[in-house]
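> sharing a model prediction with you, sequence too.
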Amino acid sequence: MLLTLWGQSHAQPAIPRIGFLSGNSLSENATRIEAFRGGLRDLGYVEGKNILIEWRSADGNFDRLPALAAELVNVKVDVIVAYGPTPIRIAKNATAAIPIVMGFEADPVGSGLVASLAHPGGNITGLSSLAPYISGKQLSILKEIVPKLSRVAVLGNSGEHGNAQALQEMERSAGTLKLQLQYLDVLSPKDIEMSFQAATEKRAGAVLVLAGPVMSPHRTEIINLAAKNRLPAMYYRSDYVEAGGLISYATSFPDLFRRAAYYVDRILKGAKPADLPVEQPTKFELVINLKAAKQIGLTIPPNVLTRADRVIK
């Protein structure tokens, strides 16, 4: 009896367990995952020592996500970090009890995931990647690198939350910059090549790519078509540039993932997701690929290069 009581009084506290749910492969998201791990380390967490992480990735096959989310619920993780809009929605469908931290979501209010940014309600909080005002800055940078630019083809998806606001901001900036916009709705993979054909037929001088469920899985095709048609292309995420695209001015996703660790920490210490305001992005980065520029015969002005956060040579 004494031994039993002694064992109970000296029982080790359970190590917190995080579930990480991603639609894409973990290797593809290595930079962001390392930022998340770095954020945890900054807060005193060491994976395998005082925190456990259950990694679940659909490796691009999003049909697997419901089963993976169910696995995380079944192993009774303390919090789920969901990376991307689709995994977040699937995690929400899987549990109303386990706290969910959004690695990023373009428009969490518009998509119905949270009641408001200040007061999320429910079991979801985290990071919003919505910064529609940067679309005007993207247009401005395109104009700087192509001074004679007069027409920009905008590839987007009308069903993507946040794109409507981005387009409104673009329209305002286009007037100031004396640019015409040609909006091309990309709803399925077959629309990608057709959009580039429409852009060249209307003599667009550049392309601006917005977010959309079709875009990321087919980014290589988009990058290749932009190069084939010799169209300078501005992207909404830096991984397009890392994969061979020309330029991006976008939310710093590694910064969002580092901040996701803060939410995990707060929740593990007893905070409720409903009471943790959703953060909007505060850090943006300009990334330029000089190989891509050379491929289409474009010279990036020195004043733009000096402002770049990263230059890929």
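Good, I have the coordinates. The structure displayed is predicted, hence computed values, not measured ones.
> going by C-alpha atoms from here, please, whenever you check contacts or count neighbours.
Noted.
> assign residue 117 to helix, strand or coil.
Assigned by DSSP: H, G, I helix; E, B strand; the rest coil, the conformation of residue 117 is coil.
> pull the number of nearby residues for the residue lying closest to it once chain neighbours are set aside.
Closest residue to residue 117 apart from its sequence neighbours, by CA to CA, 6 or more residues apart in numbering: residue 278 at 4.8 Å. Number of residues near residue 278 (other CA atoms under 10 Å) recorded here: 24.
> tell me what the helix or strand hosting residue 293 is packed against?
Here residue 293, judged by DSSP states H and E, is contained in helix 290-295. Where contact means 3 or more CA pairs under 8 Å, 6 or more residues apart in numbering; DSSP states H and E, helix 290-295 is packed against strand 310-312.
> residue 247 contacts residue 231, doesn't it?
No - using CA atoms under 8 Å, residue 247 is not in contact with residue 231; the gap is 11.5 Å.
> which one's more surrounded, the two?
residue 247 (31 against 24).
> for the residue nearest to residue 177 when sequence neighbours are not counted, the count of nearby residues, please.
Leaving aside its sequence neighbours, residue 177 sits nearest to residue 140 (CA to CA, 6+ apart; 7.2 Å). Around residue 140 there are 18 other residues, counting by other CA under 10 Å.
> now do the helices in the chain.
2-9, 30-42, 65-74, 85-94, 134-145, 163-177, 190-201, 219-228, 238-242, 253-268, 290-295, 302-305 (DSSP state H).
> may I see those helices arranged in JSON lines, with mean pLDDT and distance to residue 53 as well?
JSON lines is the format used below for the helices of the chain (pLDDT from 0 to 100; distance: least, CA to CA, whole Å):
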{"stretch": "helix 2-9", "mean pLDDT": "49", "distance to residue 53": "26"}
{"stretch": "helix 30-42", "mean pLDDT": "94", "distance to residue 53": "10"}
{"stretch": "helix 65-74", "mean pLDDT": "97", "distance to residue 53": "10"}
{"stretch": "helix 85-94", "mean pLDDT": "93", "distance to residue 53": "16"}
{"stretch": "helix 134-145", "mean pLDDT": "95", "distance to residue 53": "34"}
{"stretch": "helix 163-177", "mean pLDDT": "89", "distance to residue 53": "33"}
{"stretch": "helix 190-201", "mean pLDDT": "97", "distance to residue 53": "37"}
{"stretch": "helix 219-228", "mean pLDDT": "97", "distance to residue 53": "29"}
{"stretch": "helix 238-242", "mean pLDDT": "92", "distance to residue 53": "25"}
{"stretch": "helix 253-268", "mean pLDDT": "95", "distance to residue 53": "12"}
{"stretch": "helix 290-295", "mean pLDDT": "98", "distance to residue 53": "37"}
{"stretch": "helix 302-305", "mean pLDDT": "97", "distance to residue 53": "39"}
